[in-house]
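Q: need a 3D model of the following:
(one chain, ligands or ions: 1)
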Amino acid sequence: MRTTAAIDEPFFSLPLHDIADAALSRALERGAAHADVRCERIRTAQLATRDGRLDGAIDATDLGMSVRVVCDGSWGFASGVDVTPDEAARLAAVAVDLARLSGAIRGKRVELAAEPVYRDARWASDCEINPFDVPDSDKFALLADWSGRLLAAPGINHVYAKVRAAQDDKFYADVYGSTITQQRIRVYPQITAMTVDASNGGAFETMRSLGPPAGRGWEYVHGRGWNWDEELAAMPELLREKVHAPSVVPGTCDLVIDPSNLWLTIHESIGHATELDRVLGHEAAYAGTSFATVDKLGTFRYGSPAMTVTGDRTAPHGLATIGYDDEGVRAGSWDIIRDGILVGYQLDRCMAALMGADRSNGCASADSPHHVALQRMPNVSLQPAVADTSTDDLIAAAGDGLYIAGDNNWSIDMQRYNFQFTAQRVFRIAHGRLAGQVRDVAYQGNTTEFWRSLEAVGGPATYRLFGADMCGKGQPVQVAATSHGCPCALFRNVRVLNVLHEAGR
Ligand SMILES: [Zn+2]
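A: From the prediction side, this is the model:
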């Protein structure tokens, strides 16, 4: 387990072990069969500029703790902001009372899959420069510099830039003896250039940077893991070309999809579809269910044999990467789809017990000390080919078609089946080569038709990690960050829409 960054000392100044002892012993005294306590400090910040001028700054800290119990086969939960042993004991008693009360409306008895005990475990994500050690003035100077470079280019009228950062310090303890302290840090810069055509009624077009949110420190903005200078230098010409590009002719064609776009299709059509709680109907009232039902496990052809998808909480710099989940389950990796067949789900300890699995695969996560841990998405990633197939090889194999890069709008139905995605940059492929941008493109399909049309994936050199830092799930809604790695990939005969034509219907 990597522990390259030190966990913040002020977090350790909290009476974490006394809190755990007070909460867990009170819960056991009151008759709980299971109890865990989570103490957490989450700091989030965003600084935004518009045309190089400050447009807003947020810096918020959420500190608190919660006690979760299983008593008489039912869940109980209570949280508070007064981080003391006395309050922890009070919360434990409230949680037990709530469990007894909720027994009247319980369905199945709650069972939890077992997990080894990890005493005094520590884990921290890789971080060289803590973004919260960087003064806001430096963050503003960076965004002003980036914006100035774009505004200096001909044809760029406006630039919107922002940088988000988060630090999550977390202490977990349970009645079996696990005590785990962890720290995660992530940084997400994003910049959008806009050109306005005054002679055409103010029609505008935009181009957004493709650099993803990353589980890294402030070194990320200086080029560690993404070449921001190169991307900023290329954006003006890419935007100019996009403005003058022909509008796409709708129809069916082959697509070569870059990881910067394919990650979101993976997120929506595989990531959310293989959350077991959603499959079992737990999310139905909010964001729907899933077509990938448990009767299909082990036999259902999700996609072509070129498709192997893993879940993991271990990918270096992944947004869902952690040492242990919010139920004290050690992070690992497993297959969700192997050679095109559905073979696994995302599990927490309760879901694992329901499935008869020996262990959870570590997908429990809460976004606040005041929320219960839900089954949340790990890093869900499409694996590259063993062969060293390049992006150019895939473009050559396509012959004629489209090359799709950068995520933009998305839409998917409540069974995670029918979908539509747009992009930041779309290039025509003609005679096996890129032949300039086209615009107004959306690709459309259903999950199995699309993934079964996957003919080939690129090799390890084409594999990149992208992701989202604002994935919503649950009621009350919780926000989570997750990464998706994928290679470049070739899909045959995908429906392509012209979004202008569609809007005019
Ligand atoms: Zn999501």
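
Q: name the spans of the stretch 1-150 of the chain whose pLDDT lies under the cut-off.
A: 1-5 (pLDDT under 70).

Q: which residues in it form strands?
A: 34-50, 53-71, 74-80, 121-124 (DSSP state E, counting those that start in this stretch).

Q: TSV for the ones you listed, including mean neighbour count and distance to A398?
A: No exception for glycine: its C-beta is placed from N, CA and C like everyone else's. Shown next, in TSV, are the strands of the stretch 1-150 of the chain (neighbours: other Cβ atoms under 10 Å; distance: least, Cβ to Cβ, whole Å):
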stretch	mean neighbour count	distance to A398
strand 34-50	21	39
strand 53-71	18	41
strand 74-80	20	51
strand 121-124	19	43
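
Q: so for G467, which of those strands sits nearest?
A: Nearest to G467, of all the strands of the stretch 1-150 of the chain, is strand 34-50, at 16.5 Å by Cβ to Cβ.

Q: and that closest one with strand 74-80, angle?
A: Put simply, strand 34-50 runs at 50 degrees to strand 74-80, going by axes from the mean of the first three to the mean of the last three Cα atoms, to 10 degrees.

Q: 56 is where my numbering starts, stick with that
A: I'll keep to 56 as the first residue from here, and by that count the last item is strand 89-105.

Q: what strands flank strand 89-105, and is each parallel or antiparallel?
A: strand 108-126 (antiparallel), strand 213-229 (antiparallel) (DSSP bridges).

Q: which among those strands is found nearest to G266?
A: strand 213-229 (10.8 Å).

Q: where does this structure have low pLDDT?
A: 56-60, 560.

Q: centre of it to the edge, which residue is at the far end?
A: S254 (40.7 Å; Cα atoms, centre = their mean).

Q: roughly how far does that one sit from P301?
A: Look at S254 and P301: by Cβ to Cβ, to the nearest Å, they are 19 Å apart.

Q: got it, and G210?
A: Taking Cβ to Cβ, one finds G210 at 18 Å from P301.

Q: compare those two (neighbour count), which wins?
A: When neighbours are counted by other Cβ atoms under 10 Å, G210 comes out ahead of the other of G210 and P301, with 14 against 11.

Q: wait, that one sits on E296?
A: No. Contact between G210 and E296 fails when scored by Cβ atoms under 8 Å: they sit 10.6 Å apart.

Q: E323 in helix, strand or coil?
A: For E323, the assignment made with DSSP: H, G, I helix; E, B strand; the rest coil gives helix.

Q: next, count neighbours for it.
A: E323: 19 neighbours (other Cβ under 10 Å).

Q: same thing with A159?
A: 7.

Q: ok, now which ones touch it?
A: Not one residue lies near A159 by Cβ atoms under 8 Å, 6 or more residues apart in numbering.

Q: how near is it to V165?
A: A159 is 14 Å from V165, by Cβ to Cβ.

Q: and D229, by the same measure?
A: 15 Å.

Q: same question, V125
A: From V125 to V165 the distance is 5 Å (Cβ to Cβ).

Q: now R519
A: In terms of Cβ to Cβ, R519 sits 40 Å off from V165.

Q: repeat for L552
A: Using Cβ to Cβ, L552 is found at 46 Å from V165.

Q: the more surrounded of those two?
A: More crowded of L552 and V165, by other Cβ under 10 Å: V165, with 20 against 17.

Q: OK, contacts around the more buried one?
A: V125, G128, S129, W130, C405.

Q: could you dump the residues you listed to a markdown table with distance to A452?
A: Listed next are the contacts of V165 as a markdown table, based on distance: Cβ to Cβ, whole Å:
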| residue | distance to A452 |
| --- | --- |
| V125 | 54 |
| G128 | 56 |
| S129 | 56 |
| W130 | 52 |
| C405 | 45 |
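
Q: closest to S415 among the residues you listed?
A: Among the contacts of V165, and counting by Cβ to Cβ, the member closest to S415 is C405, at 8.3 Å.

Q: so what's that closest one up against?
A: V165, E166, L167, A168.
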